[in-house]
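Test case, fold it:
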Amino acid sequence: MARRAFTYVRVAALIVRDGSILLTPPWEADGAAQRLWNAPGGALEPGETIQDALKREALEEAGAEIEPLGVAFITQDPAVDGAVGTGSAPAIRPAMSLEICCCYARLLSSDEALRSERPHIPPPVWVPLERVPELPTLPLGLRGWAKWVVERGGLPGGSPVVPVHFGGGLASQFELFNRDWNVGL
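Residues are numbered from 1 along each chain as shown. Next up is the predicted model:
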């Protein structure tokens, strides 16, 4: 069967507070596994804005009500040979995935509201940013972003956007994304 190529657009909320980021730890249960530390995120649904997708995914995956504030980085993940999936039906891997990540997503809910999406998934935890570069993470580029933040002694003041680019030609689009968010650079 021939594979169909498509682009997968994924958002991830980078919820940062007091030098830590909110991530879901790796897990394994009932034959399924996630071996990466994940920022709350997922695919855009048809007709959904980036901001709305960030809010929905943070609430679904972490029980976190957030206010998205700007794009931290953009990554590209070109496909490799081989289908990716779980169970007996492998998923069709996209020809390209585009990941748009929000930085300084402000947490509006309390820590007591934080929870996982499913009972077999551990709840999200606050991970110190200096630990992130040594962890296997999703989204792609999160480790490099965290290293950049730690090396600079924290997130930059005066602007909620960290100007870090990962991936190919999409880096040039960074300013356009932030202009749409009405974020001053």
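
any idea which helix is longest in this structure?
helix 50-62 (DSSP state H).

which of the residues in that helix are buried?
Neighbour-count burial for helix 50-62, counted by 16 or more other CB atoms under 10 Å, picks out 50-51, 53-59, 61-62. Just so you know, the C-beta spots here come from the backbone N, C-alpha and C atoms, and that holds for glycine as well.

quick one: which of those is nearest to residue 100?
Distances from residue 100 to the buried residues of helix 50-62, taken as CB to CB, are shortest for residue 50 (5.8 Å).

From residue 149, how far out is that closest one?
21 Å (CB to CB, to the nearest Å).

Rounded mean pLDDT for the host helix or strand of residue 11, please.
Using DSSP states H and E, residue 11 sits within strand 7-13. Mean per-residue pLDDT for strand 7-13: 81.

repeat for stretch 137-156
Mean predicted lDDT for stretch 137-156 stands at 82.

Buried residues, it. List them.
137-150, 155.

How about stretch 35-44?
Neighbour-count burial for stretch 35-44 [16+ other CB under 10 Å]: 36-42, 44.

So which of the residues you listed are in helices?
Going by DSSP H, the helices hold none of those.

Farthest pair within the residues you listed?
Counting by CB to CB, the most remote pair of those is 37 and 44, 22.1 Å apart.

quick one: which of the buried residues of stretch 137-156 is nearest to residue 29?
residue 138 (17.9 Å).

I'd say that closest one and residue 35 touch.
No: Residue 138 lies out of contact with residue 35 (CB atoms under 8 Å); the separation is 9.7 Å.

Just give the number of residues close to residue 26.
Using other CB atoms under 10 Å, residue 26 has 15 neighbouring residues.

how close does it sit to residue 122?
From residue 26 to residue 122 the distance is 8 Å (CB to CB).

quick one, helices of the chain?
Using DSSP H, helices in the chain cover 50-62, 142-151, 174-180.

Include distance to residue 128 when you put these into TSV, please.
Shown next, in TSV, are these (distance: least, CB to CB, whole Å):
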stretch	distance to residue 128
helix 50-62	18
helix 142-151	9
helix 174-180	26
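
Compare these and give me the one nearest residue 110.
helix 50-62 (12.4 Å).

Alpha carbons of the closest one, in PDB - could you do that?
Taking C-alpha atoms only, helix 50-62 is exported to PDB below (Å, rounded to 0.1, in the frame of the first residue of the first chain):
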ATOM      1  CA  ILE A  50      -2.800  27.900  17.200                       C
ATOM      2  CA  GLN A  51      -3.900  29.700  20.400                       C
ATOM      3  CA  ASP A  52      -7.000  27.600  20.700                       C
ATOM      4  CA  ALA A  53      -5.100  24.400  20.100                       C
ATOM      5  CA  LEU A  54      -2.600  25.300  22.800                       C
ATOM      6  CA  LYS A  55      -5.400  26.000  25.300                       C
ATOM      7  CA  ARG A  56      -7.300  22.800  24.400                       C
ATOM      8  CA  GLU A  57      -4.200  20.500  24.500                       C
ATOM      9  CA  ALA A  58      -2.900  21.900  27.800                       C
ATOM     10  CA  LEU A  59      -6.400  21.400  29.400                       C
ATOM     11  CA  GLU A  60      -6.800  17.900  27.900                       C
ATOM     12  CA  GLU A  61      -3.300  16.600  28.700                       C
ATOM     13  CA  ALA A  62      -2.400  18.300  31.900                       C
END
